[in-house]
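> Build the 3D model from these lines:
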Amino acid sequence: MFGGQGLDDILRQAQKMQESMRQVQEELGKRVVEGSSGGGMVKAFVNGKLQLVKLEIEKELVKPEEVDFLEDMIVAAVRNGIEKAQKLAETEMAKVTGGLKIPGFTV
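Numbers count the residues shown, from 1 in each chain. Down below sits the predicted model:
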């Protein structure tokens with residue numbers, strides 16, 4: 001016995017946690033966070049599975065002579081969106097696992 005629990009109880013709890021984690025992963029794919037740069041002139045929308053789902057660029061930024069600047073802002077906005085999505089995923093998974101890091105379950 002493990003702390004008063006039988007092996008069957010522990011396995012049932014592990015299966016329940018595994019199912020809960022699958023549900024959280026599915027839900028994370030539906031949730032979207034917004035990353036931005038340039039004071040909001042470039043916005044990247046990233047889902048909880050760390051996938052870029054939408055990009056918005058203010059029209060006044062699209063000037064041929066400023067392409068390098070625009071590219072840098074896009075990279076910064078996407079990076080910001082991914083960081084926010086990672087935090088969202090970590091927070092949601094921690095609710096299921098109690099903060100325990102479980103191998104094989106990533107976003």
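> Report all helices and strands that the longest helix seen in the chain contacts.
Criterion DSSP state H: the longest helix present in the chain is helix 67-97. Using 3 or more Cβ pairs under 8 Å, 6 or more residues apart in numbering; DSSP states H and E as the contact criterion, the neighbours of helix 67-97 among helices and strands are helix 7-28, strand 32-37, strand 42-47, strand 52-57. Just so you know, the C-beta spots here come from the backbone N, C-alpha and C atoms, and that holds for glycine as well.
> Out of the ones you listed, which one sits most buried?
strand 42-47 (a mean of 23; mean count of other Cβ atoms under 10 Å).
> helices or strands up against it?
Counting by 3+ Cβ pairs under 8 Å, 6+ apart, strand 42-47 packs on strand 32-37, strand 52-57, helix 67-97.
> Q15 is nearest to which of these?
Within those, the stretch nearest Q15 is helix 67-97; the backing value is 12.9 Å (Cβ to Cβ).
> Report the angle between the closest one and strand 42-47.
Counting by axes from the mean of the first three to the mean of the last three Cα atoms, to 10 degrees, helix 67-97 lies at 30 degrees to strand 42-47.
> Would you mind getting the angle between helix 67-97 and helix 7-28?
Using the same axes, to 10 degrees: helix 67-97 against helix 7-28 is 150 degrees.
> From the chain's centroid, how far away is helix 67-97?
7 Å (Cα atoms, centre = their mean, to the nearest Å).
> now stretch 57-71
27 Å.
> name the element G39 belongs to?
Take DSSP states H and E as the rule and G39 turns out to sit in neither a helix nor a strand.
> Measure how buried it is and give me the count.
Counted by other Cβ atoms under 10 Å, the residues lying close to G39 total 8.
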